[in-house]
Structures are given as C-alpha cells and as structure tokens.
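>>> Attaching a predicted model along with its sequence, questions to come.
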Amino acid sequence: MTEDQLEQETLGWLQDVGYTHRYGLDIAPDGTDPQRANYRQALLPFRLREAIQRLNPDIPTVARVDALQQVMELGIPALLSANRAFHQLLVGGVPVQYQKDGETRGDFVHLVDWSNPSKNEFWAVNQFTIKGPNNTRRADIVLFVNGLPLVFIELKNPSDVNADIWKAYDQIQTYKEQIPDVFQYNEVLVISDGTDARMGSLSADTERFMRWRTIDGVQVDPLGEFNELETLVRGVLAPQYLLEYLRYFVLFEDDGGLVKKIAGYHQFHAVRAAIGHVIAASRPTSPSALQGRGGVVWHTQGSGKSITMTCFAARVMQEPAMANPTIVVITDRNDLDGQLFGVFSLAQDLLREQPIQADTRQKLRQLLANRPSGGIIFATIQKFMPGEDEDAYPILSERYNIVVIADEAHRTQYGFEAKLKHVKNKSANPATAYHLKNDASANPVETVDFAGPEYIDRYQAGYAQHLRDALPHATFVAFTGTPVSGADHDTRAVFGDYIHVYDMQQSKEDGATVAIYYESRLAKLRLKEEDLSLIDDEVDELAEDEEESTQAHLKSRWAALEKVVGAQPRVASVAADLVAHFEERNKAQDGKAMVVAMSRDICAHLYNEIIKLRPQWHDPDPEKGAIKVIMTGSASDKVLLRPHIYSHLVKKRLEKRFKDPADPLCMVIVRDMWLTGFDAPCVHTMYVDKPMKGHNLMQAIARVNRVFKDKQGGLVVDYIGIGNELKAAMREYTASKGRGTPTVDAYEALAVLIEKIDVLRAMLHGFDYSGFETGGHKTLAGAANHILGLHSPTGGKDAKLDGKKRFADAALAMSKAFSLCCTLDEAKALRDEVAFLQAVKVILTKRETTAQRKTDEEREAAIRQIIGQAVVSERVVDIFDAVGLDKPNIGLLDDEFLAQVRNLPERNLAVDLLERLLEGEIKSRFASNIVQQ
C-alpha cells in the first residue's frame with residue numbers, strides 16, 4: 001500500500017461518517033471551484049461566511065461581517081495563544097456589537113451549531129496547499145467544519161519501514177514553523193502510517209499523542225489492532241462525536257507556560273456515560289434506590305482523572321436537563337483539595353466560571369445556603385461538621401440539581417453510622433420559680449435557667465451523613481483509581497454502579513501510563529529468640545492499665561512492627577542500601593525517587609541516616625538541597641521532627657521543585673503526603689518501607705507510572721515485604737476490570753439489617769430503652785446490665801458470657817449490614833437506634849480502666865526500649881542473589897506475573913460479606929493478645 005492509497009482509503013471512511021470529499025486543487029484560489037482568495041488563507045472564508053449567515057439569521061449583516069473579520073484576523077503573534085483565542089470564539093461565539101432602535105446591543109455570532117450536527121458543513125479536503133511566510137506546503141488531509149480547518153491529518157507510507165508515525169509528527173512540527181496560520185485554527189492533530197494512528201494537541205509532545213481505541217465507548221479495538229486509523233476516524237472524527245469532543249474536551253492551562261490538552265477516548269466516553277447517569281439520578285421521580293447515586297468512574301491513577309473530572313464538571317454545567325446546577329467537589333485531605341482546585345482553576349476557559357474554595361466551615365455554609373443555581377465549590381468532607389450547639393447538620397439546600405463529585409475519599413465517604421459522643425453540655429435546664437408572698441397578692445412567677453450536667457451523651461453521625469443531611473437531594477458521583485469493596489464500606493453501595501472502567505492494564509497498553517516493575521530488597525529483621533516471648537509479656541504489662549482501645553493500638557501488629565522497623569540498626573541498613581541503589585539506578589536513567597516510611601519519626605531518622613552517608617544532599621534552606629522530608633506537623637512537634645515542618649507555601653514551593661526535572665531536589669521521604677493525586681512524571685523509583693495493601697498500595701505505587709520522555713517504566717523497591725499484598729491488589733485492580741462482578745443489592749442488606757435489629761430488640765425485651773436518644777449513659781448501662789442478665793438455657797460457667805456474646809455477634813452483623821445499605825432512606829431512619837445498639841456492644845466488650853495511666857511519651861519510650869533490645873538488624877538482602885538466580889525485571893503487568901495473580905482467589909469483599917451475613921457467619925471477636933496474631 002502506498003501513501004496515496006492510504007489517503008484514498010481514509011477519505012472513504014470520512015465520507016462514510018458524513019464528510020463531503022473535496023480535492024484541494026479543485027477548491028484552490030486558481031481551481032475550478034475556488035473557496036478562498038489566495039494560498040495564504042488557511043481557512044475557507046466563502047464557506048465560513050455562508051455558515052455565519054445561516055446560523056445567525058437574527059444578527060445584522062454588519063455584525064456578521066465583523067465576526068468573520070475577527071476570526072480571519074486573530075492578531076495574536078504567539079501560535080498557541082492565538083489558538084486559545086480562536087478556541088474561545090469557536091466554543092463561545094464571537095462577541096459583536098451593533099446598533100438597533102437607537103441603542104448599542106451586544107451579542108455573540110456562532111460559528112458552529114453544537115446541538116444539531118446536521119446543520120453544519122463537514123468537508124474532508126486532501127492535498128490542501130498553504131503558503132507560509134517563506135514556504136509553501138501541501139497537507140495530506142484537512143477536515144473543515146463550516147470552512148474552519150479544525151483537524152490536520154498527516155499520513156506516511158505504510159510500506160516504507162523508515163516512514164513511521166514519528167516522522168509524521170516531526171513533519172507537523174516543521175509545518176508549525178513554516179505554515180503557522182493553518183494551526184491557529186487547529187483543534188486536533190492526527191498522525192498515521194496505516195498501522196499506527198495517534199492524535200494529540202497543538203502543544204503535545206510525542207508521549208502525549210495517544211491512540212483512539214474505540215468507536216462506541218464499549219468495545220476496545222473493534223476493527224482489530226491494525227486498523228487504528230479507521231477506528232479513530234469512526235470513533236472521534238465522525239461529526240456527532242467531533243462536535244461534542246471539541247466543545248467539552250479541549251482545555252488550555254497556563255501555569256507559567258501555556259499548554260493545550262485534549263481528552264483520551266476513556267475520558268470522553270466516561271463523561272458521556274456519567275452525564276446520562278447523573279440526569280437519571282437527579283430526577284425526583286426516579287426510583288429511590290437510584291436517586292442521588294450517580295455512579296462510579298474507575299480510572300486508574302495516572303490516566304488523567306483530574307482532567308476527566310474537569311471535563312465532566314464542564315459538561316454537567318452546560319447540560320440543559322440539569323438547569324444550571326451547582327457542583328460541589330469533595331476530597332478528604334487539604335492537600336488533595338488544593339491540588340484538584342488548582343486543576344479546575346486553570347481550566348476556566350472550559351468551565352466558564354471561577355471555582356471557589358471553602359476554606360472554613362462557615363464559608364462553606366454561606367456558599368451553599370440559599371444558592372439559587374450555578375457555582376463550582378471545593379471543600380474537604382471534614383467541613384461538613386455540625387456546630388457545637390447543633391445535634392445534626394442543617395439542611396443547606398433542597399435543590400435536586402446539585403452534583404457532588406467525590407475524589408478518592410476512601411476513608412470518609414462511608415461515615416454514615418452514628419456514634420454516641422460524650423460532649424460538653426452547652427444548654428441550661430429551664431425551671432419555673434414562684435416568689436411566695438405572705439399576703440393575699442398573687443405570687444410572681446419567672447422562668448429560671450439552672451445549669452444542667454457538665455457533660456451529656458449525644459449521637460453524632462459521620463461526615464458522609466452530614467454531607468447528605470446538608471444536601472438531601474444532591475446526586476453523588478465518585479471518581480476513583482482504586483474503588484473500595486470491603487466489609488465496612490463499598491464504593492458502589494454508596495455511589496451506585498460503575499459508569500466507566502479504565503484499569504491499569506488498559507492504561508499501560510494505551511501508553512497513558514508506563515509499566516511498573518517490582519524489586520524485592522528485604523531488609524531482614526531477626527529477633528533474638530530468647531527475647532521473642534518477653535516482648536509480648538512486657539508490652540502486656542505496660543498496657544494492662546490502659547483502656548482497651550489504647551491497649552489494642554499499643555499491642556497491634558502495626559505499633560509493634562513500627563518499633564521494629566524503626567530500630568536504629570535497621571534504619572541505618574536501609575539508608576545505606578537505598579543510597580547505593582538510587583545512585584546506581586540514576587546512572588542508567590536520570591530521575592527522582594520517593595521513599596515511603598511507616599511513621600513521621602522513622603522519616604526523620606531515615607533522613608538523618610541518609611545525610612550521614614551523603615552530607616552534601618542536606619541543606620536547611622527549602623530552596624536548596626537534594627533530599628527533603630514532606631510531612632504534616634505543627635510548631636509543638638518534638639525536636640526530631642521540627643526541621644521538617646514547613647508552611648503551606650513552602651510545601652507548594654517544594655512540590656514545584658520536585659516536579660521540575662532540572663531541580664536538584666531528587667528524593668523526598670513521606671509517610672502519607674503526596675501518595676494520592678500527586679503527579680510528578682520525572683519520578684522513576686519508589687522505595688517502600690511501610691506495610692500497605694489494597695487501594696492505599698495501588699495509589700502509592702502509581703506515583704511512578706507517569707509517562708515522561710524516554711522513561712521505560714517505574715520501579716517499586718520493597719524493603720518490608722509487600723509482595724503478597726501487591727499481587728492481591730493487582731488482582732483486584734486489573735483482572736476484574738470492574739465488569740462481571742456481582743453488585744451489592746442494598747435492599748438485600750437492608751433485610752439483613754432489619755432482621756438483626758429485631759434479634760437485638762428481642763434480647764432487650766423487658767428493658768425499656770425507648771428514650772435512648774436522650775437517656776445517655778444511664779440507658780446504655782441499663783441495657784448492658786439487662787444483656788448480662790441473659791443466661792444460656794444450658795447454664796454452666798459461661799452462661800453470662802453467652803448473652804453478651806450473642807448480643808455482640810448480632811450487633812456486629814447489624815453494623816456491617818448497615819454499612820452496605822446506609823444510603824437508603826429506610827436505613828437512615830434506623831441510624832440512631834443502630835448507634836445505640838452499637839454503643840451497648842461497646843460497653844459489653846469494654847474492659848474497665850484504672851486510674852494508673854502512663855503518658856504517651858513514657859509508653860512510647862518503654863516499648864521502643866523493649867523492642868530495641870530484641871532487634872538485630874541484618875544486611876539488606878536481594879532475594880534473587882540469595883537463591884542464586886539471575887535478577888529478572890518483574891513487571892507488575894507482564895504475562896507471567898498476571899498468571900500468578902490470576903491464581904489468587906478472586907472475591908468481591910462486599911458481596912462475600914453479604915453472603916456471610918445471610919448465612920449468619922459474622923461473629924464478633926473479643927479482646928485477645930494481638931501481638932502474635
């Protein structure tokens with residue numbers, strides 16, 4: 001096949017989808033049907049003039065002529081700036097003024113009819129000649145809409161091994177210099193050699209030219225892998241797709257340098273699908289199980305989720321069926337809120353309004369209360385907290401056209417359960433007082449406030465419930481790279497079913513992200529055998545005077561492991577290996593590294609050990625130095641941490657430094673910060689020395705999967721043994737693709753909830769707890785005593801425990817069932833009773849506290865001493881060297897690894913939970929020694 005044959009075939013596909021084919025020589029200034037005055041004109045003014053007249057019949061001729069002139073003479077020398085100005089005219093219309101009835105009127109002249117594609121003129125012109133200042137060039141194919149050259153297609157010979165798509169890319173870069181006028185109007189660039197086909201924006205470098213792999217948004221590569229160009233033509237250049245794409249999926253960002261971004265196929269179809277779901281979920285007439293649940297967009301980290309959310313917001317704001325809605329964007333961390341707010345703020349051209357950040361609880365209420373329409377408001381979910389004098393969060397708006405976008409809020413989006421809180425009493429008790437008279441006159445009466453108890457018990461719901469209390473008719477949409485499916489929370493149970501799925505495997509295949517490789521360099525820990533049993537006993541003794549919750553934390557695997565991992569010999573060993581490994585890796589490929597440690601203390605200790613080895617990396621000035629610790633903190637932190645506590649502005653500056661490939665800051669040590677939503681493409685290595693699993697692990701390792709220059713892949717180096725968790729997480733986030741997995745039926749969970757509440761009510765039969773909402777601890781204690789009085793029919797020494805155990809089992813099952821149906825109105829009505837019954841369970845399982853308490857620091861020091869004496873750090877071991885094998889590059893997504901992963905048992909935790917609930921298998925566990933579990 002020759003280049004000419006490919007050109008003719010492409011023109012045939014374009015005609016199939018609705019374009020009129022015109023030959024460039026025919027419509028040239030000296031052709032048989034001239035459509036422009038000279039070869040310098042890059043657009044077709046005769047076609048544009050006719051379209052302006054057809055689409056704007058009510059605008060006077062003088063204004064239409066003015067609009068045509070504005071488009072033809074943009075008057076901006078910088079190419080990308082001119083392109084941005086044209087895009088604004090294309091999407092929003094050309095502003096004009098004219099005289100009518102003796103007054104000046106303003107209006108917009110529209111260049112395109114966005115709502116009715118058939119009212120526009122689509123031409124595919126091949127061999128289109130354009131004359132530049134010094135050169136004349138002939139384009140292979142240019143697509144014109146109403147005479148505007150919006151798509152530029154450059155083809156290469158499929159049979160020439162040296163003529164690939166990157167030769168086409170290079171040729172376009174040359175054209176941009178030689179014939180810049182045609183690119184002022186360009187929206188999409190397409191390059192193809194017949195086999196490969198990519199599309200990109202005017203400012204995109206090679207790694208941002210992406211494939212378009214679907215036509216209908218459902219099937220990937222419907223025409224086969226080697227028909228990419230035809231798929232692209234039919235999937236995005238078809239008139240009905242192209243107009244929607246240009247209107248809602250083209251962004252300009254100016255953050256010190258102007259950049260143009262266009263969406264990928266997964267972003268385009270995710271937004272299209274989400275709009276339909278949101279419209280249906282926001283209707284008051286929709287079924288109650290659907291109302292408010294807009295669905296879940298699952299797009300893997302690094303695939304442009306923030307851009308998808310921005311395009312979705314723009315699309316929703318302009319959807320007529322939503323009647324000028326208000327968008328509320330919710331995150332659960334200030335740094336994530338700031339990052340996403342920054343993305344939206346840079347996209348004002350697309351959004352057509354300035355997003356607002358609610359930085360206080362009061363400001364949030366002011367922004368939402370009584371707002372009639374419109375607005376894009378950012379807030380953390382923690383700002384939806386009732387005031388001290390409020391029992392519940394007040395309703396801020398009962399409008400149905402409010403859309404809440406939840407971004408990666410795994411911890412807080414599931415807080416529907418109420419809990420009994422011991423809070424300071426703010427109100428007084430009114431009483432009637434009589435002033436007695438000795439004579440026959442009437443006794444004066446007045447109302448006197450007597451102080452009530454200093455503390456009272458009050459039921460408080462979680463943040464997610466407060467948010468829904470504030471906006472009871474809002475529609476919620478979740479955007480996540482790692483949906484959660486677990487015992488206490490399930491993304492789909494809260495937000496609705498998956499709208500669109502784009503997982504790691506597909507993202508890697510598309511080149512949207514790079515492969516992630518895994519290397520195990522376990523820093524071995526050896527406990528002295530004679531000390532192993534002593535640790536448990538000594539920690540037991542330390543903790544015996546603590547409340548159970550504190551005790552459980554102290555004795556938990558995490559707390560114990562943290563002490564072991566942070567032991568000085570081990571930290572020094574990890575530091576030495578890490579420095580050597582990073583320097584070796586940077587010989588092969590320049591890049592930066594993130595180090596993830598278990599605690600803030602370990603972060604600081606690790607920093608100190610690294611700068612002992614490389615003192616030149618250290619500098620107290622935030623603007624200098626090669627290594628920094630990024631963590632939260634305050635002025636009251638201990639001396640060890642204080643050098644690493646920075647203000648918000650300094651952290652933002654450090655973030656810019658780290659993202660800049662040319663800046664010497666090449667390594668950061670973190671605990672939690674920058675592990676979600678942080679995008680630094682030049683990072684090629686992550687050193688993990690912190691136990692992680694599930695969505696947290698997948699979020700963290702995705703920091704190294706960003707496409708950057710010639711980066712072949714990101715490397716995750718494991719110092720602590722996350723291999724099995726990695727396989728399990730990969731199984732969950734690649735193999736299932738979110739499809740074919742049974743969804744949780746919320747009403748089935750509701751049936752279990754009601755059944756378990758009935759069981760608990762039956763156990764409390766004979767005890768009146770009808771006033772539990774105001775009865776406080778007295779009612780709780782009475783209920784607990786009643787349960788302890790329930791004896792097993794068989795008697796015996798465990799008779800008392802039997803009632804306690806049966807109640808705890810049923811209460812646990814009730815809690816878990818509630819978590820799966822908490823968005824249903826029927827479940828909300830039971831929320832406070834659920835909280836009361838949970839509180840009874842807590843009392844039953846809570847050990848008495850004693851007056852003896854150690855301070856936090858005493859306790860920390862004692863445990864550190866116990867474990868420090870028992871730890872011997874061995875050298876860091878490369879596990880492949882240890883067994884005499886050549887070290888392979890284990891790609892997380894290579895076939896061999898996926899084969900191992902597929903053999904892991906697959907299960908949807910939420911569905912599994914529901915099945916176990918139905919089978920009565922959920923049992924509660926009472927306190928036991930956790931250290932060796």
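Thanks, I have it. The model shown is predicted, which means the values in this text are computed figures rather than measured ones.

>>> Measure how buried the nearest residue to M210 once chain neighbours are set aside is and give me the count.
With CB to CB, 6 or more residues apart in numbering as the criterion, M210 has its nearest non-adjacent residue at 5.1 Å, and that residue is G264. C-betas here are computed from N, CA, C, even on glycine. The local packing of G264 (other CB atoms under 10 Å) involves 27 other residues.

>>> Next one, pLDDT for G264 please.
Listed pLDDT for G264 reads 95.

>>> any idea how far it lies from H299?
Relative to H299, G264 is positioned 10 Å away (CB to CB, to the nearest Å).

>>> again, but for A810
From A810 to H299 the distance is 40 Å (CB to CB).

>>> Check M210 too.
14 Å.

>>> And the two? Which one has more around it.
Neighbour count, other CB under 10 Å: between M210 and H299, H299 has more, with 25 against 20.

>>> Could you give the number of residues near V91?
Count around V91 with other CB under 10 Å applied: 19.

>>> Excluding chain neighbours, what is closest to M594?
Using CB to CB, 6+ apart, the closest residue to M594 is M686 (5.0 Å).

>>> Doesn't the one you found lie inside a helix?
No. With DSSP: H, G, I helix; E, B strand; the rest coil as the criterion, M686 is located in strand rather than a helix.

>>> thinking again about what came up before, what sits against the residue nearest to M210?
M210, W212, S303, G304, D510, A512 (CB atoms under 8 Å, 6 or more residues apart in numbering).

>>> between the residues you listed, which is closest to T174?
M210 (21.7 Å; CB to CB).

>>> Run through the bridge partners of that closest one.
As for beta bridges, M210 partners with M199 under DSSP bridges.

>>> quick one: contacts for it?
Taking CB under 8 Å, 6+ apart, we find M210 in contact with R198, M199, G200, G264, Y265, D510, G511, A512.

>>> Surely the fifth one is in contact with D216?
Same thing as Y265. No. Y265 lies out of contact with D216 (CB atoms under 8 Å); the separation is 10.6 Å.

>>> okay, and the common contacts of those two?
With CB under 8 Å, 6+ apart as the test, Y265 and D216 both reach G235.

>>> neighbour-wise, which of these two wins?
Each of Y265 and D216 has its neighbours counted (other CB under 10 Å); Y265 has more, 24 against 9.

>>> Backbone dihedrals for T20, both of them.
Per-residue torsions, T20: phi -90, psi 130 (degrees, to the nearest 10).

>>> hang on, isn't the residue nearest to M594 packed against L697?
No. With contacts counted by CB under 8 Å, M686 stays clear of L697, the gap being 10.8 Å.

>>> between the contacts of M210, which is closest to P222?
Closest to P222, out of all of the contacts of M210 and judged by CB to CB, is Y265, at 11.8 Å.

>>> What separation is there between the closest one and T308?
Taking CB to CB, one finds Y265 at 11 Å from T308.

>>> Now do the shared contacts for the two.
Joint contacts of Y265 and T308 (CB under 8 Å, 6+ apart) do not exist.

>>> List the buried residues for stretch 244-263?
Buried residues in stretch 244-263, counted by 16 or more other CB atoms under 10 Å: 244-253, 259-263.

>>> Identify, from the residues you listed, the entry nearest to P133.
Nearest to P133 among the buried residues of stretch 244-263 is K260, at 23.0 Å by CB to CB.

>>> and the gap between H299 and Y769?
Taking CB to CB, one finds H299 at 47 Å from Y769.

>>> tell me the mean pLDDT for stretch 660-673?
Stretch 660-673 comes out at a mean pLDDT of 94.
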